[in-house]
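Chemist: can't give you the sequence, but here's the structure:
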Ligand SMILES: [Fe+2]
Ligand SMILES: [Fe+2]
């Protein structure tokens, strides 16, 4: 499916703000891909589709989970917000005909991160957090780091995400801790 068709279809699935966030994410992802030597077209597609399931109601999310036997762990069952990346990957495959497992994995990993992050996983994780509409505390610092060092920028974004969850008394998915440990080991303990 070409980019214009994806955008057209997404328009029917997402609210205005979410669509803008998705387009922004895809633009940042494209730029980061060019900077860090990844396929810009794939990054653009993954960025556009990463939140394709985010505006579905809980009932529909549950239906897709059951229909496609999406495996849910104990933590995801307790945090419905974490369903949209998993359902999003299925919708990207079934409705947008995205067959590339690397793109599908990046969509799956965009919210929690994943223990072993591929280059595209990092690009999408980061683009989602730093696109121009994002205004979390310290986002400017992460944007600047994204210009210099991708791993350090992802580490900063993971840290900020984890600190936020702790401040809210929220559960933390263990893969986020694994992702942080792996990237931290790479950038600090070398
Ligand atoms: Fe998301
Ligand atoms: Fe997003």
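Modeler: Structure received. Note that this is a predicted model, so its numbers are computed, not measured. Ligands and ions are numbered 1, 2, ... in the order given.
Chemist: With adjacent residues omitted, what lies nearest to the residue positioned nearest the centre of the chain?
Modeler: Centroid-nearest residue in the chain, with CA atoms, centre = their mean: residue 110, separated by 2.0 Å. Leaving out its chain neighbours, the residue that sits closest to residue 110 by CB to CB, 6 or more residues apart in numbering is residue 50, at 4.6 Å. Every residue, glycine included, has its C-beta placed from N, CA and C.
Chemist: Beyond the longest helix anywhere in the chain, next helix or strand please.
Modeler: Counting by DSSP state H, the longest helix found in the chain is helix 16-36. Per DSSP states H and E, the first helix or strand lying C-terminal to helix 16-36 is helix 40-49.
Chemist: got the residues of the chain near ligand 2?
Modeler: Residues of the chain found near ligand 2 (CB under 5 Å from the ion) are 51, 128.
Chemist: change it to 8 Å
Modeler: For the chain, the contact set with ligand 2 under CB under 8 Å from the ion comprises 18, 21-22, 25, 50-51, 54, 110-111, 128.
Chemist: just to revisit the earlier point, so what does the longest helix of the chain touch, helix or strand wise?
Modeler: The helices and strands touching helix 16-36, judged by 3 or more CB pairs under 8 Å, 6 or more residues apart in numbering; DSSP states H and E, are helix 3-13, helix 40-49, helix 119-130, helix 150-167.
Chemist: which strands and helices sit next to the longest one?
Modeler: Of the remaining helices and strands, those touching helix 150-167 by 3+ CB pairs under 8 Å, 6+ apart are helix 16-36, helix 119-130, helix 139-148, helix 174-187.
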